[in-house]
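1. got a sequence here, can you build the structure:
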Amino acid sequence: MPAREPLMPESYFRDRLDRLEQTIAGRLEKLRTQPELYSKPWIFHRANARERLQMVLLAYSAGDGLDAIAARLPTAVDALEVYLRSAPQEPVDFNDLDDYVSALWFVSLATLLCSPEGLVGRLLALLGNEGKDVLFERLAAGLVPGRRAAASLMHAKIFAPLAHVFEVPAADRAAQIGRYLAGWYRGLSAAYWHDAHKGPGGGGFFGYWSVEAAAVCKAAGVDPSPLATTKYFPSDLLRSL
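-> Below you'll find the predicted structure:
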């Protein structure tokens, strides 16, 4: 299958996946063989966790099948766990936009890739913040019953249109997701990955995909066909494995 992300050729994504694999292995080897040189190992582990999540999206951008993409998610969860165990600060801060978006992506990918119960339980325990955010809890509730409901929405200026999908009539939900997608990239201009494709050599670009929009589509029972060609919408993630 050719690359799904049109901004770069498939060869870019394949090369990026290989380079990240080598980079992560190199960091871990340095920590194993020369731990005395690194007073803040959690910085390495944070980079590994971030890049393992990127690699799931890189695989999607490159055109991989869903089985291959799903196989990468447990490794990303493992890297997140290693980072959170080593981090001296609060583990996942939903007030931080990048932390919040990463958490949404994790729970969205678990939803879309039909992750097994054990992986889902580990992931939600690692992400924490139960009952703190309406949108996150809407998605998490579809994976694990009995979670505490939330009353507020973090980063509402960006995500209110997507959270509102659950409140509008079923016939209007696809259009509501379309409205969210229309402002998605501009709304996330403060995210660390925004405009990455303009950087030297691709700038660490891994694809621009609103995986949370696809997860809401699934959770809210929305027919995705009207959105199939909408920019930033990862429609192939809504195909069964």
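
2. ok, the one residue sitting closest to the centre of the chain - contacts?
-> Compute the mean C-alpha point of the chain, and by C-alpha atoms, centre = their mean the closest residue is Trp105, 2.4 Å away. Neighbouring residues of Trp105 by C-beta atoms under 8 Å, 6 or more residues apart in numbering: Leu53, Leu57, Val211, Glu212. Bear in mind the C-beta positions are built from the backbone N, C-alpha and C, glycine included.

3. one more: Gly178?
-> Taking C-beta under 8 Å, 6+ apart, we find Gly178 in contact with Pro226, Leu227, Thr230.

4. what's around the closest residue to the second one other than its chain neighbours, how many residues?
-> Sequence neighbours aside, Phe233 is the residue nearest to Leu227 in space, at 4.9 Å (criterion: C-beta to C-beta, 6 or more residues apart in numbering). Phe233 is surrounded by 23 other residues when neighbours are defined as other C-beta atoms under 10 Å.

5. contacting residues around the residue of the chain positioned farthest from its centre?
-> Farthest-out residue of the chain from its mean C-alpha position, per C-alpha atoms, centre = their mean: Glu36, at 33.1 Å. Glu36 makes no contacts at all, as judged by C-beta under 8 Å, 6+ apart.

6. now it: how far from Gly63?
-> Applying C-beta to C-beta, to the nearest Å, one obtains 43 Å for the distance of Glu36 from Gly63.

7. and which of the contacts of Trp105 is nearest Ala125?
-> In terms of C-beta to C-beta, no member of the contacts of Trp105 lies closer to Ala125 than Leu53, at 16.9 Å.

8. list the helices and strands the strand or helix carrying the closest one packs on?
-> Element membership of Leu53 [criterion: DSSP states H and E] is helix 41-62. For helix 41-62, the elements it packs on are helix 10-33, helix 66-86, helix 97-112, judged by 3 or more C-beta pairs under 8 Å, 6 or more residues apart in numbering; DSSP states H and E.

9. pLDDT wise, what is the spatially closest residue to Gly131 that is not a sequence neighbour at?
-> For Gly131, ignoring the flanking residues on the chain, the nearest one in space by C-beta to C-beta, 6+ apart is Arg148 at 3.5 Å. Here the pLDDT value assigned to Arg148 is 93.

10. how about Ser240?
-> Here, the pLDDT recorded for Ser240 equals 60.

11. quick one: distance of stretch 57-71 to the chain centre.
-> If you compare the mean C-alpha spot of stretch 57-71 with that of the full chain, they lie 13 Å apart, counting by C-alpha atoms, centre = their mean, to the nearest Å.

12. over to stretch 48-68?
-> From the chain centre to the centre of stretch 48-68 is a distance of 10 Å (C-alpha atoms, centre = their mean).

13. mind exporting stretch 133-147 as CSV, just the C-alpha atoms?
-> Included here for stretch 133-147 are C-alpha records, laid out as CSV according to Å, rounded to 0.1, in the frame of the first residue of the first chain:
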residue,chain,number,x,y,z
ASP,A,133,-11.6,15.7,31.1
VAL,A,134,-14.9,15.1,29.3
LEU,A,135,-13.5,14.1,25.9
PHE,A,136,-10.9,11.8,27.3
GLU,A,137,-13.5,10.1,29.6
ARG,A,138,-15.9,9.7,26.7
LEU,A,139,-13.2,7.6,24.9
ALA,A,140,-11.9,5.8,28.0
ALA,A,141,-15.5,4.8,29.0
GLY,A,142,-15.8,2.9,25.7
LEU,A,143,-12.8,0.8,26.7
VAL,A,144,-13.3,0.3,30.5
PRO,A,145,-16.7,0.6,32.2
GLY,A,146,-17.2,2.3,35.5
ARG,A,147,-14.8,5.2,35.1
